[in-house]
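Undergrad: The following comprises the amino acid sequence and a computationally predicted model.
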Amino acid sequence: MYLFDTDVISNFFKPNPSERLLAKLDGLEQRQQFISTITIFEIVYGAAKSKRAEYHLKNLNDVLLPAVNIVGFDTKAAFLCGHIRAIIETQGRRLSLADIQIASIAMSNELTLITGNTRHFMRIEGLKVENWLTQES
């Protein structure tokens, strides 16, 4: 089961989305596809700043949300997020709170995070990460 990061969702709505992403999604059952409430926040925030806000919000409501399962930032994810953030900061590294929240949601729900920012998320020990946007080397 998979949790899609915001960059993957954004890629899907580009005029020329990643062929690898489309191939991976082909045949993937809806019950295996998740986005987080944090990703919804990031999409709405980006749309609100865009000159095409209505277009982006329509895609969110009419295309994306009916096609995926939504998973929230619950108590289990919040505890995990606090621990991960403390570890990262102790190591002298930085990662945005939204990214740590998304990672925590993935881990607390035993989901693999699908992102184009694999190097970014590899800092989080125990997080399963895959990149469906580019060809594997």
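TA: Received it, and whenever you're ready, just let me know what you need. Residues are numbered from 1 along each chain as shown.
Undergrad: tell me what the lowest-mean-pLDDT helix or strand in the chain is packed against?
TA: Within the chain, no helix or strand scores below helix 118-121, which has a mean of 91 by mean pLDDT, DSSP states H and E. Under the contact criterion of 3 or more CB pairs under 8 Å, 6 or more residues apart in numbering; DSSP states H and E, helix 118-121 touches helix 97-108, strand 129-130. Bear in mind the C-beta positions are built from the backbone N, C-alpha and C, glycine included.
Undergrad: Each with direction, which strands does the shortest one pair with?
TA: Take DSSP bridges as the rule and strand 129-130 pairs in its sheet with strand 112-114 (parallel).
Undergrad: Between the two ends of stretch 115-128, how far is it?
TA: End-to-end distance of stretch 115-128 (CA to CA, to the nearest Å): 11 Å.
Undergrad: Any regions of the chain where pLDDT drops low?
TA: 135-137 (pLDDT under 70).
Undergrad: switch to 90 and redo it
TA: 27, 119-120, 123, 134-137 (pLDDT under 90).
Undergrad: residues near Asn11, how many?
TA: Using other CB atoms under 10 Å, Asn11 has 18 other residues around it.
Undergrad: before we move on, what about Ile43?
TA: Ile43: 21 neighbours (other CB under 10 Å).
Undergrad: For it, give me phi and psi.
TA: Note on Ile43: its backbone torsions stand at phi -70, psi -40 [degrees, to the nearest 10].
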